[in-house]
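Chemist: Make a model of this:
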Amino acid sequence: QVQVVESGGGSVRTGGSLRLSCAASARIFGFYSGGWFRQAPGKEREFVARISWTGGTFDYGSSVKDRFTISRDNVTDTVYLDMRSLKPEDTALYYCALQRPVRTGLSPSAFDYWGQGTQVTVSS
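Modeler: Predicted coordinates for the structure are as follows:
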């Protein structure tokens, strides 16, 4: 059973920063791409960022590019999402997801394992 657990969410003011962390089962972590999605109430799940299993390739959603940075540490089996210049529209439940090496695409259906989410709230 693969377990994915997010942490680091919270409440910040506009312009603030947060770091989200995602821990996954060590047995598979090093071979999977890591991704972040978010979902606000009444909206569809939105792609935020993805990092390849080597850590050498990155993808970002257009709404977060240049403000968010995804990274990973294959020694501690953790994927991070550093968020800065946060805006109220960044408020959402943030999910970490893992993608098998053979899969491609950035839609939620292209990812294999999911965490339960961590809430990020940005107030004006």
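
Chemist: what about the closest residue to Ser52 other than its chain neighbours, distance to Val122?
Modeler: Nearest non-adjacent residue to Ser52, counting by C-beta to C-beta, 6 or more residues apart in numbering: Ser33, 5.2 Å away. No exception for glycine: its C-beta is placed from N, CA and C like everyone else's. For Ser33, the distance to Val122 under the criterion C-beta to C-beta, to the nearest Å works out to 27 Å.

Chemist: Which residue of those two possesses the greater neighbour count?
Modeler: Ser33 (24 against 20; other C-beta atoms under 10 Å).

Chemist: I'd say the more buried one and Arg50 touch.
Modeler: Yes: contact between Ser33 and Arg50 holds when scored by C-beta atoms under 8 Å: they sit 5.7 Å apart.

Chemist: and for the two, which residues touch both?
Modeler: Taking C-beta atoms under 8 Å, 6 or more residues apart in numbering as the contact criterion, the common neighbours of Ser33 and Arg50 are Gln99.

Chemist: quick one on the thing from earlier: pLDDT at the residue nearest to Ser52, what is it?
Modeler: Looking at Ser33, its pLDDT is 93.
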